[in-house]
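> below are the sequence and a predicted model for it; my questions follow.
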Amino acid sequence: MNASALPPRLRLTGIVKRYAATLANDGVSLSIAPGEIHALLGENGAGKSTLVKIIYGVARPDAGTIEWEGKEINIPDPNAARRLGVGMVFQHFSLFESLTVAENIALGLGATESIADLTTRIAAVARRYGLAVEPGRHVHHLSVGERQRVEIVRCLLQSPRLLIMDEPTSVLTPQEAEGLFDVLRRLAAEGCSVLYISHKLEEIKALCEHATVLRAGRVVGECDPRIASEQQMAEMMIGGALPVAHRSAPLHEGKPCLQVSKLTLASDEPFGTTLRDISLQLRDGQILGIAGVAGNGQKELLAALAGERRAPQADSVLVCGTPAGHLGPTARRRLGLSFIPEERLGRGAIAEFPLSENGLLTAYPHGFVRAGLIRYGAVNKYAAGIIKRFAVKASGIDARGSSLSGGNMQKFIVGREIGTNPRVLLAAHPTWGVDIGAAIAIRQALMDLAAAGSGVLVVSEDLAELFEISDFIAVLSGGRLSAPKPARETTVEEVGLLMGGRMAAEGAAHAL
Amino acid sequence: MRYRLEARARPAQAMVWLSPVLAAALSVIGISVLFAVLGRNPVQALDVLFIQPLETLDGLAELALKATPLLLCAIGIAIGCRAEVWNIGAEGQFTVGAIAGGGVALTFGGHDYWWLQPAMLLAGIGGGMAWAAIPALLKTKFNAHEILTTLMLTYVAIQLLGYVVHGPWKDPEGYSFPQTKQFAPDAMLPMLIDETRLHIGAMFALASVPLAALLLGRSMMGFRIRTVGAAPAAARYAGFSRNTVVWVCLLLSGGLAGLAGIFEVAGPDGQLTPVISPGYGFAAIIVAFLGRLNPFGILFSSLLMALLYLGGEGLQVSMQLPIAVTGTIQGMLLFFLLAADVFINYRVRRVPARAARALTHA
């Protein structure tokens, strides 16, 4: 191919970046050709984020050179990166909650054009690439998936020459992810290079032409993912044999531990999804997977189950047989319910608090408080136990929540929720953005809990995950829940069609 | 050569406590310049401001006396701030506490009832709580911001005080001065040190420090308060009611301010007058932040602020400076504190000339 005759779009040589105690990048070299889709693989903490920050001008390397189209350059700040033509979709979005989609994009572009003109351009780009984005909506109403689409559109508006995608498909339906791949392939065909960061190896196989694997700050391998097997790539990443999650049969097919009957609940947000006539039953020892695209009522359903929102009738939600519709989160926890929320820092855990107190956050009804005072001895022991049992990488129980990587924070949250021996566990997107090792450990923990006789309800957008762990799968679409089907008797295509139900209806509405 | 602020990877813990010290040092420099501009000898002025008040037992007693209301108000404000409940109206709660407790003193004083003083203190606490309950109700029912409501209610409280001392409670034998009768001797608080004005309120203020530390650091309610402040979504998830925390914080800080109010009128003053506070409730906001919202830190900052009040009075007497100097110094202290606090999260990096040029040209 004559592309290889051109100088690479980006070439990094011997990049070193040291943070106080750790060597985040240790002589990393990497080369991306024009129009190439290049995968960057590695566990959390392998140095991917640091490398990307250096390319995007957020961090400066301590040593090493950066060449852009054959010329050695400095990238002092993100503005300089954007001027070069580097676009980036971050894993953690940087959107202002109180502004609309169009206003957010205007800020990101530093654009002088009117919001009306920009709205037209956003709509055009969104249509061209098949990304469902409504420019007039306020960001605080958007789901994670919708927010990501805003970030992608923001980058595409700048006609990037190198697009960096950090975990882009973790919130998309299979059909949507396929749509995104089409977008990326089209961009690549137009000459734009793509640096693609993901843990989903089957996607990397389907999409990327070249992969660089990082471990502990060093490049440990390169491969052509179209040829290498998923197992080979995963083992390069973790530097050893791949652990396999294993589902043992439940001890017994038990009594119902969570029952919802004919729950209808209007959203308390203007753009939220109203839950309509939801009924479900979860039994001891079962895992019920709830599939669906974010924004179809997942947030509302979980809030109604966890008690953050109360149901109109007490008996429309039964926790372990007790009417709980009117109870708040603490009372439901006392009945044996636990909840792993979608957002980690800020909701599931507190960035400024040490792990010990992050453990206390939801475990407090279980004997950690006496006469209004916190039993710090027990709290510290509980946190230390979670860290040990789930191999959470942290400096200790005094480590702040903000010092943990996403995967380790999530392992800690999962450990905290399981540690109180719940009869019912609700888990929202438990492995979103988490590396392979942590994701396997989390799935294993959920399956072990079910095997020990608890009921587990998993809301996820990752169909592969749901099919791997669930006994039954139902689909939430437009605030309605489909009848749960045994996972063995349904298929990805069938579930995908149910997930798309709302999309089809919306498409019809737009066509009118 | 250029300098720029660069975000730190994590907040600098040393800077959290160094910042108030730095602010105090910068304020001393600022004050000296101010004195020089006003044509006074800065060394002599600093001596009047910081040294002379501490040279006598009476001076030390006055220091503790002035620190008492500052400490009580600031502790309450700080507890609220940890939950991001901003009570700016301690001055108003202080005033209503003084009116309520003073009312009990005027009504039941002179009969040697054993319960008189406890009832006065409870009335003071109740008055402050009632005044703080209004913003709490407005916030939890209508989401009205407490910064506005507490501040506005302060002016209402001051008008209320003016009304009672000009109207119904005016001393008929007071030659028409706007003030109440002197409280009966049994309504006057016991003194701690003879020949000084230091009363028992100082003990209450001192006791509030470890109690507040226990509440914030060790109790479940304190954990709820801190969680609501640090991560409201996490508090909702954990089942901590924001409304409960708002009520607890406002009632607690209102009650402490009200207690400070009744201490002030039943201690040194012995009557209600139109002006019972030189702005303790507002100065306590500075005290709370200077003490890093930490009860033990606030103990020190309240003493510093009390010293400024005392020294300010000294400046008025011996150097003929206006009372506004005290306010100017307080403002300077807050200004430098906020400026120095920037360095908790940022540091100054020198940008070499070459890179600076590249930045401007790029």
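Great, that's in hand.
> setting the sequence-adjacent residues aside, check what's closest to A:H140.
The spatial neighbour of A:H140 that comes closest, neighbours along the chain excluded (C-beta to C-beta, 6 or more residues apart in numbering or on different chains), is A:E97 at 3.9 Å. Using the backbone N, CA and C atoms, a C-beta is placed for each residue, glycine as well.
> show me the contacts for residue 283.
All of this refers to chain A. A:E253, A:G254, A:K255, A:P256, A:C257, A:G455 (C-beta atoms under 8 Å, 6 or more residues apart in numbering or on different chains).
> my bad, chain B
When the contact criterion is C-beta under 8 Å, 6+ apart, the partners of B:A283 are B:L70, B:M305, B:Y309, B:Q330.
> neighbours around the second one, how many?
To tie it back to what came earlier, the one meant is B:M305. For B:M305, the tally of surrounding residues (other C-beta atoms under 10 Å in any protein chain shown) stands at 27.
> swap in the one 3 residues further on?
B:L308 is surrounded by 24 other residues when neighbours are defined as other C-beta under 10 Å.
> where does it land in three-state SS?
On the three-state scheme (DSSP: H, G, I helix; E, B strand; the rest coil), B:L308 is labelled helix.
> for it, report the pLDDT, please.
On the pLDDT scale, B:L308 is placed at 90.
> lowest-confidence helix or strand of chain B?
Lowest mean confidence among the helices and strands of chain B (mean pLDDT, DSSP states H and E): helix B:353-361, at a mean of 51.
> how about the residues of the stretch 101-250 of chain B by chain A?
The stretch 101-250 of chain B has residues B:214, B:218-221, B:223, B:226-227, B:230-231, B:233-234, B:236-239, B:241 near chain A, with proximity defined as C-beta under 8 Å from any C-beta of the partner chain.
> buried ones among the residues you listed?
Buried members of those, scored by 16 or more other C-beta atoms under 10 Å in any protein chain shown, are B:219-221, B:223, B:226-227, B:230-231, B:234, B:236-239, B:241.
> from those, pick the one nearest B:D171.
B:D171 lies nearest to B:M221 out of these, by C-beta to C-beta, at 43.2 Å.
> that closest one belongs to a helix, doesn't it?
Yes: checked against three-state DSSP, B:M221 lies within a helix.
> hang on, it packs against A:L373?
No: with contact defined as C-beta atoms under 8 Å, B:M221 and A:L373 do not form a contacting pair (9.6 Å).
> returning to that earlier point: any chance of the buried ones among the residues of the stretch 101-250 of chain B next to chain A in JSON lines, with pLDDT too?
As requested, those are exported to JSON lines (pLDDT from 0 to 100):
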{"residue": "B:S219", "pLDDT": "97"}
{"residue": "B:M220", "pLDDT": "96"}
{"residue": "B:M221", "pLDDT": "97"}
{"residue": "B:F223", "pLDDT": "97"}
{"residue": "B:R226", "pLDDT": "96"}
{"residue": "B:T227", "pLDDT": "97"}
{"residue": "B:A230", "pLDDT": "95"}
{"residue": "B:A231", "pLDDT": "95"}
{"residue": "B:A234", "pLDDT": "95"}
{"residue": "B:R236", "pLDDT": "93"}
{"residue": "B:Y237", "pLDDT": "94"}
{"residue": "B:A238", "pLDDT": "94"}
{"residue": "B:G239", "pLDDT": "93"}
{"residue": "B:S241", "pLDDT": "93"}
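> out of those residues, who's nearest A:K53?
When those are ranked by distance to A:K53 (C-beta to C-beta), B:A231 comes first, at 25.0 Å.
> what's that closest one in contact with, if anything?
A:G346, A:R347, A:I350, A:A351.
> please tell me how far the closest residue to the second one other than its chain neighbours sits from B:R10.
Setting aside the residues directly before and after it, A:R347 is nearest to B:A233 in space (C-beta to C-beta, 6+ apart), at 4.2 Å. With the distance defined as C-beta to C-beta, to the nearest Å, B:A233 ends up 22 Å from B:R10.
> got a list of what A:V492 touches?
For A:V492, the contacting residues are A:P174, A:L463, A:F467, by C-beta under 8 Å, 6+ apart.
> again, only using 6 Å
By C-beta atoms under 6 Å, 6 or more residues apart in numbering or on different chains, the contact set of A:V492 is A:L463.
> ok, which residues in the stretch 301-450 of chain A are in contact with chain B?
Within the stretch 301-450 of chain A, the positions lying close to chain B (C-beta under 6 Å from any C-beta of the partner chain) are A:308, A:328-330, A:341, A:346-347, A:350, A:352, A:361-362, A:369, A:372-374.
> can you flag which of these belong to strands?
Counting by DSSP state E, the part of these found in strands is A:V369, A:L373, A:I374.
> list only those of those residues flagged as buried.
Buried subset of those (neighbour count, 16+ other C-beta under 10 Å): A:V369, A:I374.
> dump the ones in strands among the residues of the stretch 301-450 of chain A next to chain B to CSV, plus pLDDT and distance to B:S19.
What follows is these, written out as CSV (pLDDT from 0 to 100; distance: C-beta to C-beta, whole Å):
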residue, pLDDT, distance to B:S19
A:V369, 94, 34
A:L373, 95, 31
A:I374, 96, 29
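> what bits of the stretch 251-362 of chain B have low per-residue confidence?
B:351-362 (pLDDT under 70).
> kindly recompute the last result at 50.
Scanning the stretch 251-362 of chain B for pLDDT under 50 picks out B:356, B:358-362.
> in chain A, what residue lies closest to chain B?
Relative to chain B, the nearest point of chain A is A:P329 (3.2 Å; C-beta to the nearest C-beta).
> wait, that residue sits on B:F240?
No: look at A:P329 against B:F240 with C-beta atoms under 6 Å: they stay out of range, at 8.8 Å.
> name the nearest of the buried ones among the residues of the stretch 101-250 of chain B next to chain A relative to A:A427.
Closest approach to A:A427 among these (C-beta to C-beta): B:Y237, at 13.5 Å.
> could you name the helices and strands sitting against the helix or strand hosting B:L206?
Using DSSP states H and E, B:L206 sits within helix B:201-218. Contacts defined by 3 or more C-beta pairs under 6 Å, 6 or more residues apart in numbering or on different chains; DSSP states H and E place helix B:201-218 against helix B:57-82, helix B:295-319.
> right, so these: which one is the most enclosed?
Comparing the helices and strands packed on helix B:201-218 by mean neighbour count (mean count of other C-beta atoms under 10 Å in any protein chain shown), helix B:57-82 comes out on top with a mean of 25.
> re earlier: in the contacts of B:A231, find the pair that's most separated.
Largest pairwise distance in these, by C-beta to C-beta, is 10.8 Å, between A:R347 and A:A351.
> so these two - more neighbours on which side?
Applying other C-beta under 10 Å to A:R347 and A:A351 shows that A:R347 carries more neighbours, namely 20 against 17.
> next one: phi and psi at that one?
Torsion angles at A:R347 (phi, psi; degrees, to the nearest 10) stand at phi -130, psi -60.
> my guess is it contacts B:R236. True?
No: look at A:R347 against B:R236 with C-beta under 6 Å: they stay out of range, at 7.9 Å.
> what does stretch A:382-392 contact?
The contact list for stretch A:382-392 (C-beta under 6 Å, 6+ apart) reads A:L355, A:S356, A:G359, A:I397, A:N408, A:K411, A:F412, A:G415, A:R416, A:G419.
> and with 10 Å instead?
A:354-360, A:363, A:366-368, A:375, A:393-399, A:404-405, A:407-420, A:437-438, A:441-442, A:445 (C-beta atoms under 10 Å, 6 or more residues apart in numbering or on different chains).
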